[in-house]
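**Q** Dropping the sequence and predicted coords here.
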Amino acid sequence: MKEWLIAGGVCLLSSLIYVLAFPPFAMAEGASVFAVPILVWLFHKQPRKLLFAVIGGWGLLSWLALIVWLRHVTFGGYIFLSILLAAYFSLWFFAAAWLLPRLREASTFSRIVGMISLAALWVVHEYVRSFFLTGFPWLPLAASQWQRPLLLQTSAWTGSYGVSFILIFFNLGLAFYIEKTIRLARKGWQRISPELITALFVFLLSGFGGFYLTRSSSGERETLFNAAFIQPDIPQELKWDPSRSTDVLQTIRRTTLAIKNAPKTPDIVIWPEAVTPFAVVGDYGMQRWTEEVAAAMEAPLFIGSIGVDRTKIDDWFNGAMVIDPETGLSSEYYRKRKLVPFGEYIPFGFLFSWISKFVPIEGSFAKGESAAPLTAEVAGKSYDFGALICYEDVFPALARTTAREGAEMLIVITNNAWYGEEGMPYQHAAHSVLRAVETRLPVLRSGNNGWSGWIDEYGTIRGVLVDGNGSVFFRGAEVMEISRDQAWKGKTSFYVRYGNWFVWLCAGISIFGFAANYRSSPRKPGRNE
């Protein structure tokens with residue numbers, strides 16, 4: 001009974017700290033210690049039932065809490081995805097359960113190598129999650145630091161995976177220190193712990209490096225233009241109702257024109273994903289309506305809308321396009337490259353053809369292939385805007401490809417109204433912060449009812465649309481001045497140039513580390529021994 005009580009306490013404590021480390025909560029420091037209770041507990045070989053209960057329970061409790069907003073769309077999907085993520089994360093903890101008891105009495109060198117191997121395996125696990133079973137890399141450990149830009153600067157070299165490595169490495173260093181102190185309790189607290197000192201050194205080195213980079217950039221910013229972020233806050237039950245289309249269009253127009261005479265004159269207007277009730281591309285009436293709004297604003301519109309390519313037998317797509325106030329709809333538009341499973345298409349359709357999508361479009365959306373930016377004339381200058389739609393900013397590879405295609409900044413348009421007014425928009429915005437640092441490009445975001453605003457190339461949130469009560473969930477608009485650090489003008493980050501080199505390095509380290517420990521493990525006597 002005592003063992004189960006301890007195990008339950010360990011599971012609950014780690015799960016609580018892990019959840020609080022992510023938005024909408026503001027306890028980012030929890031990401032540095034969330035795994036410590038379980039890791040210390042895993043240094044002792046545990047009964048199999050207890051091990052499965054703690055590791056599986058931690059994962060299930062954590063993900064049921066973190067993606068609770070998904071219940072608004074599909075309760076069954078919410079439960080299924082929570083179980084899947086719990087099982088997936090459990091693999092790393094089972095690897096830790098195998099390795100840590102072998103390192104209890106090992107040399108300092110072996111223990112530090114073990115820490116590095118486990119941290120490297122965490123990176124590999126996050127990377128595989130970005131494509132395995134269609135991919136759902138939601139909330140990597142680095143996302144917990146979305147309001148702590150100093151530690152995030154590593155992402156410009158390693159991608160956000162480097163930040164996750166640092167955080168889990170610190171967890172391991174602290175766990176090794178506590179385990180050693182408990183084991184040698186007769187000698188009191190250990191004053192010197194090479195494992196913790198190593199973890200602290202890596203953590204502080206990253207933080208000081210980030211401090212130097214962000215401080216050295218101050219005072220060197222170039223003002224670009226004024227961007228108007230529009231939140232029409234169209235309820236989901238109205239958006240696709242043909243009988244309410246007139247009301248929807250009036251709301252969009254009224255909310256947009258309200259900021260025409262704002263103190264800061266808007267040079268570009270940004271609408272969220274799939275904002276119009278009909279296709280702008282393929283429906284001339286809808287196209288003319290958007291062109292009239294652009295002309296009235298005397299500024300280009302960067303909008304999200306569905307489109308249909310009539311030349312390809314009604315090829316529907318979720319897209320982004322530019323409406324110029326003088327020339328109208330640009331002939332170049334962006335097609336979403338990463339579709340939402342069960343929303344925009346049915347994955348493994350031969351197995352799940354009986355499942356209906358929650359977006360009322362017959363069949364599936366066509367998948368885009370090109371990452372080419374969209375060009376718009378803004379305030380007398382030409383800019384190349386890289387588009388990311390919905391949860392595309394969750395995938396590092398998509399933003400990196402867009403940056404490599406020459407985008408000068410990223411525009412994320414999304415519609416999070418599906419998921420209620422809870423933590424989802426904040427969690428989603430956290431990924432945009434990671435993409436900004438990785439690519440060293442400003443990120444402009446427009447959501448149907450939040451989170452809207454912009455983030456600079458160092459991951460600093462420069463502006464957020466909020467109402468009088470400080471909430472992001474409201475109908476409104478705001479004009480913000482967009483700037484960039486001249487040091488990054490026309491340049492790309494190390495991560496954009498060389499991609500996931502850090503992931504492959506971690507894969508090699510983890511294979512080597514675990515193989516070395518497997519070879520050095522004591523063998524059970526055979527029948528003839």
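**A** Structure's in. What do you need?

**Q** can you give me the strands for the stretch 151-300 of the chain?
**A** Secondary structure of the stretch 151-300 of the chain (DSSP state E, counting those that start in this stretch): strands at 221-231, 268-270.

**Q** Same list, those, but as TSV with mean pLDDT, distance to residue 446 and mean neighbour count please.
**A** Using the backbone N, CA and C atoms, a C-beta is placed for each residue, glycine as well. Compiled in TSV, the strands of the stretch 151-300 of the chain are given as follows (pLDDT from 0 to 100; distance: least, Cβ to Cβ, whole Å; neighbours: other Cβ atoms under 10 Å):
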stretch	mean pLDDT	distance to residue 446	mean neighbour count
strand 221-231	96	5	20
strand 268-270	98	4	25
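
**Q** Show me this structure divided up by domain.
**A** As assigned by automatic domain parsing, the chain contains the domains 2-217, 224-492.

**Q** Would you point out the helix or strand in this structure whose mean pLDDT is lowest?
**A** Taking mean pLDDT, DSSP states H and E as the measure, the helix or strand of the chain with the lowest value is helix 349-352, at a mean of 49.

**Q** Out of the domains of the chain, which is closest to residue 502?
**A** Evaluated with Cβ to Cβ, the domains of the chain place domain 2-217 nearest to residue 502, the distance being 3.9 Å.

**Q** Where is the longest helix in this protein?
**A** With DSSP state H applied, the helix covering the greatest number of residues in the chain is identified as helix 75-103.

**Q** Who are the packing partners of it?
**A** Of the remaining helices and strands, those touching helix 75-103 by 3 or more Cβ pairs under 8 Å, 6 or more residues apart in numbering; DSSP states H and E are helix 36-42, helix 48-66, helix 108-129, helix 501-520.

**Q** now for the shortest one, which elements pack on it?
**A** For helix 36-42, the packing partners by 3+ Cβ pairs under 8 Å, 6+ apart come out as helix 2-20, helix 48-66, helix 75-103, helix 160-183.

**Q** could these be laid out in CSV, adding mean pLDDT and mean neighbour count?
**A** Shown next, in CSV, are the helices and strands packed on helix 36-42 (pLDDT from 0 to 100; neighbours: other Cβ atoms under 10 Å):
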stretch, mean pLDDT, mean neighbour count
helix 2-20, 93, 17
helix 48-66, 95, 19
helix 75-103, 92, 17
helix 160-183, 94, 24
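
**Q** May I see those arranged in JSON lines, with distance to residue 283 as well?
**A** Putting those into JSON lines (distance: least, Cβ to Cβ, whole Å) gives the following:
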{"stretch": "helix 2-20", "distance to residue 283": "44"}
{"stretch": "helix 48-66", "distance to residue 283": "39"}
{"stretch": "helix 75-103", "distance to residue 283": "31"}
{"stretch": "helix 160-183", "distance to residue 283": "39"}
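
**Q** for those helices, which one sits closest to residue 516?
**A** Ranking the helices and strands packed on helix 36-42 by proximity to residue 516 (Cβ to Cβ) places helix 75-103 first, at 10.5 Å.

**Q** just the angle between the closest one and helix 48-66, please?
**A** Helix 75-103 and helix 48-66 are oriented at 130 degrees to each other (axes from the mean of the first three to the mean of the last three Cα atoms, to 10 degrees).

**Q** so helix 75-103 versus helix 501-520, what angle?
**A** Going by the same axes, to 10 degrees, helix 75-103 makes 50 degrees with helix 501-520.

**Q** Give me the pLDDT for the residue positioned nearest the centre of the chain.
**A** Nearest to the mean C-alpha position of the chain, by Cα atoms, centre = their mean, lies residue 431 at 2.8 Å. Confidence per residue is given as pLDDT, and for residue 431 that number is 97.
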